[in-house]
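Peer 1: Could you work out the structure for the sequence below:
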Amino acid sequence: RDRCNLRCTFCMHSTDLGWVRTHGTEAMSSETALASARYFLDRADTENAPVISFYGGEALLEPELIEMVMAFARAHPNGAETTFSIDTNGVLLSDAVIDLALKYESYLQISVDGTRHQHDRCRVDAGGLGTFDRIMDAVGRLVRADAKAADRLSFIITLAPPTDLFEVVDFFGDFPPFREAGIERKPNLRVNIVNLHGQEWPDVETGFRSLDDQLDEAAEMYLEAVEAGARDDLNPVITSLFEPDLIKFYHRLRAPLGETFTPGGNCEPGKRKLHVMPDGSFHPCERTGKNFSMGSLVEGIEPVEVRTLQERFHDAVKDRCGSCFALRQCGVCYAAQAQFSNAETGEFPVPEMVCDSVRRSQEKTMKMMARLLEMPAERLAWLDDTVVV
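Peer 2: Now for the predicted structure:
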């Protein structure tokens, strides 16, 4: 659905950017929701457990609809092993919703940006009130109801200027809901840097170090811990900042490039992921906004529309990818292209600054990997047990 109970100050859905869905009142009907689940499960790869994700706005504004889809999916011939994932801000995790999540062993991705001060600075409800205490209470009730639920929880951290990174580090190093419930495992985390493209943002307060400087310090902390054989003791924020890119680089394809190559880092539209809007239209993913339609529940996936997406992306980057050292590690995709799109003018560029950002990121990852490779071999043994998801 488009409706959300929060008004996070950095949220693109609170803006009037032309490409993005804005907060509204449109909700997916039960007919559309069930038809979407049926469309997916009828075509699901039976070799792998299908995954159905619920996304908003705020998904938990529709708990009855979620439960209906879950029950339908598990009863479908291809859906007995369906995994469910709910993206939520956590404010609406009532006892009834917790019971539902536990019943279906659902994965929950909850947005928590750090301490009360860090979180409530940006993540406020529609009335302007902070949400930290409500979320911490909800997470606490969830893990007290079932400690194993902590394994299916992940927390999305969004760093917005001005940021005290190490305040966030300390908070998740001693995560209150887990500590109070006697849970010893570290929380699963993903760290994002806020995307303020097209938004006005107040000047950064004085007295804060730049985020780049703080990230450099965090990288040194990571490398020193690995070299000292203390990787397992690392703070989960520090690990989450660097290891996803290191793992991806370590498992990179090493064969010579052929005569042809695929530019960018796109998924195959409709194959790995399919996002269904409340109106039943199909899009590559939840991050591509409203300008990248590729069919609907009525027509199904339209091959011509998919081909148009691919050609449009190729046209935007064709003069760059072949000579770029970061080609195989590139994550530039339709989501990056979407934020610069203009359906009215027919412009769908991928600006050079996007590619520059990828190259800078890859340079940092390569430098870290070079440092790791200088260490004794046993310090890198953990990488052999990882996979690229």
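Peer 1: Need the residues that contact the helix or strand of the chain with the lowest mean pLDDT.
Peer 2: Of all the helices and strands that make up the chain, the one with the lowest confidence by mean pLDDT, DSSP states H and E is helix 334-338; it has a mean of 93. Residues external to helix 334-338 that are found in contact with it (C-beta atoms under 8 Å, 6 or more residues apart in numbering): 19-20, 266, 269, 284-285, 287-289, 291-292, 309, 312-313, 316, 348-350, 354. From N, CA and C alone the C-beta is placed, and that goes for glycine too.
Peer 1: which of those are buried?
Peer 2: Buried residues within the contacts of helix 334-338, defined by neighbour count using 16 or more other C-beta atoms under 10 Å: 19-20, 266, 269, 284-285, 287-289, 291-292, 309, 312-313, 316, 348, 350, 354.
Peer 1: picking that back up, which parts of the helix or strand following the least confident helix or strand of the chain are buried?
Peer 2: Taking DSSP states H and E as the definition, the helix or strand that follows helix 334-338 towards the C-terminus is helix 352-373. Going by neighbour count (16+ other C-beta under 10 Å), the buried part of helix 352-373 is 354, 355, 358, 362, 364, 365, 366, 368, 369, 371, 372.
Peer 1: I figured the fifth one hits residue 219, correct?
Peer 2: Yes - the pair residue 364 and residue 219 qualifies as a contact (C-beta atoms under 8 Å) at a distance of 7.4 Å.
Peer 1: Leaving out the residues flanking it, which one is nearest to residue 387?
Peer 2: Computed as C-beta to C-beta, 6 or more residues apart in numbering, the closest residue to residue 387 that is not its neighbour in sequence is residue 251, at 7.3 Å.
Peer 1: can you pull out the strands in the stretch 1-150 of the chain?
Peer 2: Remark: strands assigned in the stretch 1-150 of the chain by DSSP state E, counting those that start in this stretch are 51-54, 83-88, 107-111.
Peer 1: what are the pairing partners of the shortest one, and which direction each?
Peer 2: Translated: strand 51-54. strand 83-88 (parallel) (DSSP bridges).
Peer 1: just how off-centre is the strand it pairs with within its chain?
Peer 2: Its chain's C-alpha centre lies 12 Å from the corresponding centre of strand 83-88 when counted by C-alpha atoms, centre = their mean, to the nearest Å.
Peer 1: Going forward, count from 34.
Peer 2: In the new count, where the first residue is 34, that last one comes out as strand 116-121.
Peer 1: Strand 140-144 and that one, what's the angle between them?
Peer 2: Direction vectors for strand 116-121 and strand 140-144, defined by axes from the mean of the first three to the mean of the last three C-alpha atoms, to 10 degrees, enclose an angle of 20 degrees.
Peer 1: Strand 116-121: which residues count as buried?
Peer 2: Using 16+ other C-beta under 10 Å as the test for burial, strand 116-121 gives 116, 117, 118, 119, 120, 121.
Peer 1: swap in stretch 92-102?
Peer 2: Judged by neighbour count (16+ other C-beta under 10 Å), stretch 92-102 contains these buried residues: 92, 93, 94, 95, 96, 98, 99, 102.
Peer 1: with these in mind, which one is nearest to residue 176?
Peer 2: Minimum separation from residue 176 among these (C-beta to C-beta) is found for residue 93, which lies at 17.4 Å.
Peer 1: residues touching that closest one, list them.
Peer 2: With contacts defined as C-beta under 8 Å, 6+ apart, the neighbours of residue 93 are 99, 119, 121, 125, 126, 130.
Peer 1: So which residues of the protein form helices?
Peer 2: 63-75, 96-108, 128-136, 149-153, 165-178, 198-206, 209-213, 244-260, 269-283, 336-350, 367-371, 385-406 (DSSP state H).
Peer 1: Name the stretch among those that sits most buried.
Peer 2: When you average the neighbours per residue for each of these (mean count of other C-beta atoms under 10 Å), helix 367-371 leads with a mean of 24.
Peer 1: Tell me where the model's unsure across the stretch 234-383 of the chain.
Peer 2: By pLDDT under 70, the weakly predicted segments of the stretch 234-383 of the chain are 237-239.
Peer 1: let's see it at 80
Peer 2: Where the stretch 234-383 of the chain drops to pLDDT under 80, the residues are 234-241.
Peer 1: swap in the stretch 34-183 of the chain?
Peer 2: Counting by pLDDT under 80, the stretch 34-183 of the chain contains low-confidence residues at 34-35, 46-58.
Peer 1: Leaving out sequence neighbours, find the closest residue to residue 307.
Peer 2: What sits nearest to residue 307 in space, not counting adjacent residues and going by C-beta to C-beta, 6+ apart, is residue 315, at 6.0 Å.
Peer 1: hang on, that neighbour packs against residue 339?
Peer 2: No - taking contacts as C-beta under 8 Å, residue 315 lies outside contact range of residue 339: 9.5 Å.
Peer 1: Need the residues touching each of those two.
Peer 2: Shared contacts of residue 315 and residue 339, defined by C-beta under 8 Å, 6+ apart, comprise 303, 327.
Peer 1: need the contact list for the residue nearest to residue 353 when sequence neighbours are not counted.
Peer 2: Of all residues beyond its chain neighbours, the one nearest residue 353 is residue 388 (5.7 Å), with distances taken as C-beta to C-beta, 6+ apart. Going by C-beta under 8 Å, 6+ apart, residue 388 touches 350, 353, 357, 365.
Peer 1: Relative to residue 157, which of these is nearest.
Peer 2: Proximity to residue 157 was ranked across these by C-beta to C-beta; first place goes to residue 365, at 31.9 Å.
Peer 1: measure that closest one to residue 340 for me?
Peer 2: According to C-beta to C-beta, to the nearest Å, residue 365 stands 19 Å off from residue 340.
Peer 1: How many residues are close by residue 214?
Peer 2: The number of residues packed around residue 214, counting by other C-beta atoms under 10 Å, is 19.
Peer 1: quick one, what contacts it?
Peer 2: Counting by C-beta under 8 Å, 6+ apart, residue 214 makes contact with 173, 176, 177, 180, 183.
Peer 1: Can you lay out the buried residues of strand 116-121 as a markdown table showing distance to residue 261?
Peer 2: Formatted as a markdown table, these follow (distance: C-beta to C-beta, whole Å):
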| residue | distance to residue 261 |
| --- | --- |
| 116 | 37 |
| 117 | 40 |
| 118 | 36 |
| 119 | 39 |
| 120 | 37 |
| 121 | 38 |
